[in-house]
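**Q** I'll drop the sequence and a predicted model, then ask my questions.
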Amino acid sequence: MDETPVWKQLIRLSAPVMLALLIQSIYNIVDSYFVARYSEEGLTALSIIFPIQLLMTALATGTGVGINILISRLDGEGETKSQKNIIAAGFLLSVLGALLFISAGMPGIRIYYQVSSAQALVREYGIQYAQIIFAFSLGMFIEAAGTKVLQARSNMVLPMFAQVAGAAVNIFLDPILIFGYFGFPVMGIRGAAVATVLGQWTAMAIVMAGFLRRYPIPFGRVNLHCCTRVLRAGAPSIIMQCLYTVYIVGLNLILKIFSEDAVTVLGIYYKLQTFFFIPLLGLQQVILPLISFSYGAGRKDRVDSILRCSFALSGVIMIAAAACFMAMPEFLLRIFSSRPEILEIGVTAFRIIALSFIPSAFGLIFVVYFQGVDRGKESIFLILLRQVALLVPVAWALHFLGLNRVWFTFPITEVIVVAACLIFYKKRKPFNGRTGEI
């Protein structure tokens, strides 16, 4: 891992991850497309549940990231004895995460929708969708843990295949279950949820088949120390993604002051944003184990090279994404809705939010960098700055100036975060090579 040229390594490892994320984003868009064709209220319901789904993803992938970082860092240090215990602890935490959403999420979702929407049909559709997603969430949690173990060992192909297969199942089943084709009953919003969980369980089955060939059960001993290490290593990722939920819920409540159409626009934006951010998200997943390994091996020169190359790639990617949102916002919006109210709000929103893309590219890479070099406190601070201290408070301040001003929350926030990143980076700690215990 420390001999291959950085550019070659980034491109080789990023390609399968980006393809898997691309397919995932396509199925998210297709999912919303069919729901929108079924019901406008259904699309609004999915926009409202989106931050809760992010919360589930935060816990699932964040736990996996903790496993990933520890395995990569221990590989760099030449320590292999404790890796199986780390893996066992990570899978236990994943199961507990799924049980948390099954036990607490299902009863709590009714309260959430009562606060989030005044429309009875939106609440009904949202509860129908959420209850199925929560009840079968174990597939997503186990798949995330298995994927991160494989990626820590530079196996990007099998997780890619699993994600593609899961997304294909979801896309194929969506119209069949929602509209009742080929003799199936019309399930409506419930059909979209069933298609989603079947896709997740398909991906889990493929990942675990590959995982168990290398790590047959029992693959390690669970202890509190290893569980703590996994959570500590994955904490920045868990916090970052959990706080997505906080700020999106906060933004939804602020936008609801103007209209539920503004809430729908934000939901559409996040569906599309994921698609355009795919290369950056894939790059993050790849550079985290690379930086962790090089840091554990004491290779400061290689860590710096990975960072420089990542900035160059992310900058090019996000310039292209910003150009798309600036040039064709109406086309993007019409994928989901042609209502004049949605288009009027969305065109302005998309063009303003696109101003945030370029600074966000550098900010997101810095967060992963600090996490990889064992500077989790800085990483967590940057996440809290963005998700808690800036996004919702800035949006609240700007809402007094009108709806269009609220969208400037995004570029203002990202510029401030990048400035903080640069301050932390210039105050780098001495690079001492091997890190020892985490």
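**A** Looks like it came in fine.

**Q** which strand or helix spans the residue located most distally from the centre of the chain?
**A** Using Cα atoms, centre = their mean, the residue of the chain lying farthest from its centre is Gly183. It sits 35.5 Å away. Here Gly183, judged by DSSP states H and E, is contained in no helix and no strand.

**Q** please tell me how far it sits from Val157.
**A** For Gly183, the distance to Val157 equals 37 Å [Cβ to Cβ, to the nearest Å]. For the C-beta atoms, the positions are set from N, CA and C on the backbone; glycine is no exception.

**Q** so, low pLDDT: which residues of this protein?
**A** 1-4, 14, 16-17, 20-21, 23-25, 27-28, 77-81, 216-220, 240, 428-438 (pLDDT under 70).

**Q** quick one: the strands in the stretch 151-300 of the chain?
**A** Ranges of strands within the stretch 151-300 of the chain: none, based on DSSP state E, counting those that start in this stretch.

**Q** Phe381 and Ser360, how far apart?
**A** Counting by Cβ to Cβ, the gap from Phe381 to Ser360 is 17 Å.

**Q** show me which of these two is the more surrounded one.
**A** Comparing Phe381 with Ser360 by other Cβ atoms under 10 Å, the one with more neighbours is Ser360, at 26 against 17.

**Q** which residues touch that one?
**A** Each residue near Ser360 by Cβ atoms under 8 Å, 6 or more residues apart in numbering is listed here: 318, 414, 417.

**Q** one more time with 7 Å, if that's ok
**A** 318, 414 (Cβ atoms under 7 Å, 6 or more residues apart in numbering).

**Q** that one sits in which helix or strand?
**A** Ser360 belongs to helix 357-372, assigned by DSSP H and E.

**Q** buried ones in stretch 176-187?
**A** 176-178, 187 (16 or more other Cβ atoms under 10 Å).

**Q** which of those residues sits closest to Phe311?
**A** Comparing these against Phe311 with Cβ to Cβ places Ile178 closest, at 42.2 Å.

**Q** my guess is that closest one contacts Phe34. True?
**A** Yes - counting by Cβ atoms under 7 Å, Ile178 touches Phe34, with 5.3 Å between them.

**Q** next, show the common contact partners of the two.
**A** By Cβ under 7 Å, 6+ apart, the residues touching both Ile178 and Phe34 are Ala192.

**Q** so what's Tyr125 closest to, chain neighbours aside?
**A** In space, and not counting its chain neighbours, Tyr125 is closest to Ala45: 4.0 Å by Cβ to Cβ, 6 or more residues apart in numbering.

**Q** quick one, helices of the stretch 201-350 of the chain?
**A** 224-256, 260-276, 278-296, 300-327, 329-334, 340-353 (DSSP state H, counting those that start in this stretch).

**Q** with just CA atoms, put the third one into PDB.
**A** Only the C-alpha atoms of helix 278-296 are listed here, as PDB (Å, rounded to 0.1, in the frame of the first residue of the first chain):
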ATOM      1  CA  ILE A 278     -20.300  10.700  -5.600                       C
ATOM      2  CA  PRO A 279     -16.700  11.100  -6.800                       C
ATOM      3  CA  LEU A 280     -15.900  13.100  -3.700                       C
ATOM      4  CA  LEU A 281     -17.600  10.600  -1.400                       C
ATOM      5  CA  GLY A 282     -15.700   7.800  -3.100                       C
ATOM      6  CA  LEU A 283     -12.500   9.700  -2.700                       C
ATOM      7  CA  GLN A 284     -13.100  10.100   1.000                       C
ATOM      8  CA  GLN A 285     -13.700   6.400   1.500                       C
ATOM      9  CA  VAL A 286     -10.400   5.600  -0.300                       C
ATOM     10  CA  ILE A 287      -8.100   8.200   1.300                       C
ATOM     11  CA  LEU A 288      -9.100   7.400   4.900                       C
ATOM     12  CA  PRO A 289      -7.400   4.000   5.000                       C
ATOM     13  CA  LEU A 290      -4.500   5.200   2.800                       C
ATOM     14  CA  ILE A 291      -3.800   8.100   5.200                       C
ATOM     15  CA  SER A 292      -4.300   5.900   8.300                       C
ATOM     16  CA  PHE A 293      -1.900   3.300   6.900                       C
ATOM     17  CA  SER A 294       0.800   5.800   5.900                       C
ATOM     18  CA  TYR A 295       0.500   7.600   9.200                       C
ATOM     19  CA  GLY A 296       0.800   4.300  11.100                       C
END
